[in-house]
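1. When you get a sec, could you give me coordinates for this:
(chains A and B)
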Amino acid sequence: MKNIRDLIKEKRVYFDGGTGTVLQKKGLNPGESPELWNITQPHKIVTLHKAYLKAGCNIIKTNTFGVNRTKFLNYAELIQKGIACAKKAIAETEDNAEKYIAFDMGPTGKLLEPLGDLSFEEAVSIFADNVKAATESGADLILIETMNDSYETKAAVLAAKENSNLPIFVTNVYDGNGKLMTGANPVAMIAMLESLGVDALGMNCSLGPDKMLDIIDEFAKYSSTPIIVNPNAGLPEVINGETVFNVGAEEFSDYMVQLAERGASILGGCCGTTPEFIQKTVAKTKDMPYSCPTWKNITMVSSYTHAVVIEKDPVLIGERINPTGKPKLKEALRTGDLNYVLNEAVRQADKNVHILDVNVGLPEIDETDMMKKCIAGIQSITDLPLQIDSTKFETLEQAMRMYNGKPLVNSVNGTEESMKNVLPLVQKYGGGLIALTIDEKGIPDNASDRAKIAEKIVSRAAEYGISKREIIVDPLALTISSNPESAVVTLESIRMIRALGVKTSLGISNISFGLPQRNLVTSTFYANALQNGLNCAIMNPFAEEMMNVYYAYRALNCLDTGCVDYINYASAVQGTAKTESKTEETLHVCIVKGLKEGAVRQTKRLLENIPPLDVINEHIVPALNEIGTAFEQKKAYLPQLLMSAETASLSFEEVKKKIPTDQTDTSKAIVLATVKGDIHDIGKNIVKVLMESYGFTVYDLGRDVPPEKIVACALENNCKLVGLSALMTTTVPSMAETIKMLNETDRSIKTMVGGAVLNQEYADMIGADFYGADAMDSVRYAEKFYAD
Amino acid sequence: MKISVRVFFVATREKLCYNKNGDVSMKYSDIRIITANAADVVINRNELALRLKTDRNYESELLDKCRKQFDSAVQYRCAYVRIAVDLSEENVCRFDFAEIASKNLYRNLQGCREAFVIAVTTGLEVDRLLKKLNILSQAEHFVTDGLSSAAVESFCDMVSSRLKTGLSCANRFSPGYGDVNLTVQKPLLDRLCAAETLGITLNTAYLMTPVKSITAIMGIKT
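-> Down below sits the predicted model:
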């Protein structure tokens, strides 16, 4: 029998239709697991499969959709019996050439991290068990279907790749807005699935074939892979207590003709469809001319919501998450302060960059672990695709594996060592790939040799099945301060490399290293590079000159219709300039009113004239006290207090920059935690913000923190003040346990407690030194504690 | 008020909604869906004031900013069914999806033979927004958290009063109140095919994602 991978390239093949909905008509009790019939009533399953085969389908979906080890202890048996039913049906069908068994694998029913609590690796492992059972039982292909989350889809595909060599087909469920439940659009899914190397992809279930017409064009435009369309029989209605679908077989098959005309390759049905639907669909489409989707030379990377297409329109890659030359980021990475990294991510996203580079390489930290934490963190707060940047292969692998989407990988180079390690990773996990024109002999001093290295990498990648379209060559801009010809050679390299038919990228900032007024040189070089056809720039989005070039270039080159983006950008720039001229504001007013930008401006101004400590004592603290008192007197509300506190913290940051590190006052410190078992951290976070605004060093341990960790932190930092929060009555005992352990360890450590379920009496009972009724209360106590 | 109601049949319902024992034996084709836009839901000021610890007339630039961000993230969705309730045994409430032993719920449902079983949510994007603000700004996080809690309450009120029209109903009762254990969430959400219809899933502690979601039972008095 022909491999189905080849067959789908040559002719139109058909899936069967609904299973559960048909079985209900055959007496399946609603709510009863249809999969159990594989064991209890296999003849009915066989009959159903045979009816579909007779209707003309080529691929049978096994009755195993909901089977996995979390739902059925006998999952392997259900899978094996399900596949046996399909085999029997094919054996008992006369004309059984080109009939295939698809092992049907649905979602776990759990939501993956970070929004849910199923870990990615656990999901992979659940799917892996299914795939192993199906492969042993003789399935012809794996169908991953009805997936409504890109991350879970990736887990299933990886499980299939790692545990079998069977062809992999994937269909997702798009809603009325053309998105998966967790946000991905079709292009994002195509980018990720193609780079993972699936054999066919598409959509199923959802609302009906009419709705699928709305998105089939997206598939046809971007997919180079055969497109599966398995719709429902429209929307269901309840008539006389029975569910009836509103699209009949005739209408359904007419829609399927339209879908086929617009690019659908593999046709079939989902819920509500019956053998009649399939038979009519086959009859109407089997003589239509068939062409498999053509190869699309489109370079894409993706996140869990969208793809970034790399073509004419320049792509900006934010470079700020890279410790080189950034002492604050280095410090944040050393102390594990993820918030700093996440802030940098959001600040860059706000500048409208398209992709974020993530590099956390520091010799003294566990790079792989930090990279994974950063990727998980960044992907939970921004949906920009990421560029995974590391020189360690192990770090790259782990990060590429757990990334949700198709990453950009930075980088491979022309050395044997690099190619043999990085290319297999891209082959397995998928990704766009930055290729540096450097090899064992270093960076060539001329363009043609750089292009030769690019060519070498492209052909080596092809051996791993990695297409040229995935490769983005970076010909390496060196600084002109020591290499006078660098810019000229680099620009020529871009032209030559483009001629090879691959995309290009440059770390722009290097060009001006060692020169004064660097942005001037960098942005001029960027303009030149764009003119020479550069696609991606790894750059600093906070450098206004760079953004000026970007917006102006797009407007000048017909890439910004009606100059809309340019005008928006220009008016925003103008807006900032205006506010800066405002002079009547004072730091005091800014803090009380919570005006962050004004506060930073005024702090800088004050620091020009008066010593840092005076700024704190004469300006920041009095302002904070004013709003704090107003809050205590119920003249101001908590949101205002929080805004003022955040504003004061920013002001503090400015002041700290002026204080030599050895003189920084770290004596005022506090350990904060929400106790074990409690996942509510709003109250604790409010206290944290206030404490920081008053200049305290806060060791924030987060939520659900075990007692021993709190004790360890207090000891390690020699911190004598610990604040504990609990919001649930059930976790107060765990607070009591923490206090007891702290007291036993060091009686000089004072504990303050707070939270919705506590009061003075309760606090006394569990042995706390202080009960804070609100955040201000806590600050006052802490201030007093350190004053005494 | 422009809210649309349509019958929603979850295609894969019978595939997704059974548990290990396969003991959920109900027809699911009676699930109704209600959706609403941000503009359709008037957030109850008292509810909001309670969450933000302000008075009910509190307004600020911060609140405006948070409201805007929230409005562009929120996707109100509700799924409900109208089903029979059997109270023939004292302190036991029998529904087609579960048998709940509870004094409080039993008392609440006195005089009812039917009940609405309801789940509402503000959607996953609100979770994403809250996660992001928790990193960026505690002030915005605090306000948006309060805002979304008040919003899901208000939407649930809106849905309830719509369902109540022309009927006499008991007060809404949610799992976790009184002596009704949170574990009831599982069969209740399964009954509504909430994973598919609303995108609501449970974690191991029976807490819902999206976090701003409410489930409730509302008895219909006969």
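2. Give me the pLDDT value at residue 54.
-> No chain in the question, so chain A it is. Looking at residue A:54, its pLDDT reads 95.
3. Not quite, go with chain B.
-> pLDDT, residue B:54: 89.
4. which residues touch the residue nearest to it when sequence neighbours are not counted?
-> Distances taken as C-beta to C-beta, 6 or more residues apart in numbering or on different chains place residue A:637 nearest to residue B:54, at 4.3 Å, with adjacent residues excluded. In short, each C-beta sits where N, CA and C put it, glycine included. Taking C-beta atoms under 8 Å, 6 or more residues apart in numbering or on different chains, we find residue A:637 in contact with A:631, B:52, B:53, B:54, B:58.
5. Closest residue of the stretch 501-650 of chain A to chain B?
-> residue A:642 (3.6 Å; C-beta to the nearest C-beta).
6. can you pull the contacts of that residue?
-> A:686, A:689, A:690, B:138, B:139, B:142.
7. Tell me the gap between the helix or strand hosting residue A:50 and the middle of its chain.
-> For residue A:50, the element it lies in under DSSP states H and E is helix A:42-55. Chain-centre distance of helix A:42-55: 42 Å, with C-alpha atoms, centre = their mean, to the nearest Å.
8. Which SSE is immediately downstream of it?
-> Per DSSP H and E, the first helix or strand lying C-terminal to helix A:42-55 is strand A:59-61.
9. Could you give the number of residues near residue A:311?
-> Neighbour count for residue A:311, taken as other C-beta atoms under 10 Å in any protein chain shown: 12.
10. Could you double-check that it lies in contact with residue A:296?
-> No - contact between residue A:311 and residue A:296 fails when scored by C-beta atoms under 8 Å: they sit 11.1 Å apart.
11. got the residues of the stretch 1-150 of chain A near chain B?
-> Residues of the stretch 1-150 of chain A found near chain B, taking C-beta under 8 Å from any C-beta of the partner chain as the criterion, are A:18, A:20-21, A:24, A:28-34, A:36, A:65-66, A:71-73, A:106-107, A:109-111, A:114-117, A:146, A:148.
12. Out of the residues you listed, which sit inside helices?
-> A:20, A:21, A:24 (DSSP state H).
13. Closest one of the residues you listed to chain B?
-> Looking across these and measuring by C-beta to the nearest C-beta, the closest to chain B is residue A:20, at 4.3 Å.
14. Residue A:273 is in contact with that closest one, correct?
-> No - the pair residue A:20 / residue A:273 is not scored as a contact, 11.2 Å apart, by C-beta under 8 Å.
15. between these two, who's got more neighbours?
-> residue A:273 (30 against 24).
16. Specify the local secondary structure of residue A:737.
-> helix (DSSP: H, G, I helix; E, B strand; the rest coil).
17. The residue nearest to it when sequence neighbours are not counted: how many residues sit nearby?
-> Residue nearest to residue A:737 in three dimensions, not counting chain neighbours: residue A:707, with 5.4 Å by C-beta to C-beta, 6+ apart. Residue A:707 is flanked by 21 other residues according to other C-beta under 10 Å.
18. Now do the phi/psi pair for residue B:92.
-> phi -130, psi 130 (degrees, to the nearest 10).
19. Model confidence for the closest residue to it other than its chain neighbours, exactly?
-> Nearest residue to residue B:92 in three dimensions, chain neighbours excluded: residue B:101, at 5.3 Å (C-beta to C-beta, 6+ apart). pLDDT for residue B:101: 94.
20. Do I have it right that residue A:129 meets residue A:68?
-> Yes - with contact defined as C-beta under 8 Å, residue A:129 counts as touching residue A:68 (7.3 Å).
21. What is the burial count for residue B:66?
-> 26.
22. my guess is it meets residue B:142, correct?
-> No - assessed by C-beta under 8 Å, residue B:66 is found out of contact with residue B:142, at 9.1 Å.
23. ok, now how distant is residue B:97 from residue B:117?
-> 7 Å (C-beta to C-beta, to the nearest Å).
24. Between these two, which contacts overlap?
-> B:83, B:188, B:191.
25. got the contact list for the second one?
-> When contacts are counted by C-beta under 8 Å, 6+ apart, residue B:188 touches B:97, B:98, B:117, B:119, B:175, B:215, B:217.
26. ok but it is inside a helix, no?
-> Yes - when classified by three-state DSSP, residue B:188 is found to be part of a helix.
27. If you average pLDDT per helix and strand, which one of chain B comes out bottom?
-> helix B:13-16 (a mean of 33; mean pLDDT, DSSP states H and E).
28. What are the boundaries of the helices in chain B?
-> B:13-16, B:45-52, B:61-73, B:103-108, B:124-136, B:138-164, B:185-191, B:194-197.
29. out of the contacts of residue A:637, which are buried?
-> Those of these that meet the buried threshold are A:631, B:52, B:54, B:58, by 16 or more other C-beta atoms under 10 Å in any protein chain shown.
30. Mind putting those into JSON lines with distance to residue A:262?
-> Shown next, in JSON lines, are these (distance: C-beta to C-beta, whole Å):
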{"residue": "A:631", "distance to residue A:262": "62"}
{"residue": "B:52", "distance to residue A:262": "51"}
{"residue": "B:54", "distance to residue A:262": "54"}
{"residue": "B:58", "distance to residue A:262": "53"}
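31. quick one: which of those residues sit in strands?
-> Applying DSSP state E to the buried ones among the contacts of residue A:637, no entry is found in strands.
32. between the residues you listed, which is closest to residue A:474?
-> Distances from residue A:474 to the buried ones among the contacts of residue A:637, taken as C-beta to C-beta, are shortest for residue B:52 (49.8 Å).
33. Which residues are in contact with that closest one?
-> By C-beta under 8 Å, 6+ apart, the contact set of residue B:52 is A:637, A:638, A:639, B:58, B:63, B:142, B:143, B:146, B:147.
34. how many neighbours does residue A:216 have?
-> 22.
35. meant to ask about residue A:77
-> Neighbours around residue A:77, by other C-beta under 10 Å: 15.
36. which other helices and strands contact the strand or helix carrying it?
-> Secondary structure from DSSP H and E places residue A:77 in helix A:75-91. Under the contact criterion of 3 or more C-beta pairs under 8 Å, 6 or more residues apart in numbering or on different chains; DSSP states H and E, helix A:75-91 touches helix A:37-40, helix A:42-55, strand A:59-61, strand A:100-105, helix A:120-137.
37. Distance to residue A:245 and pLDDT for the contacts of residue B:52 - can I get that in TSV?
-> As requested, the contacts of residue B:52 are exported to TSV (distance: C-beta to C-beta, whole Å; pLDDT from 0 to 100):
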residue	distance to residue A:245	pLDDT
A:637	53	85
A:638	52	85
A:639	50	86
B:58	50	89
B:63	46	94
B:142	47	93
B:143	45	95
B:146	43	95
B:147	40	96
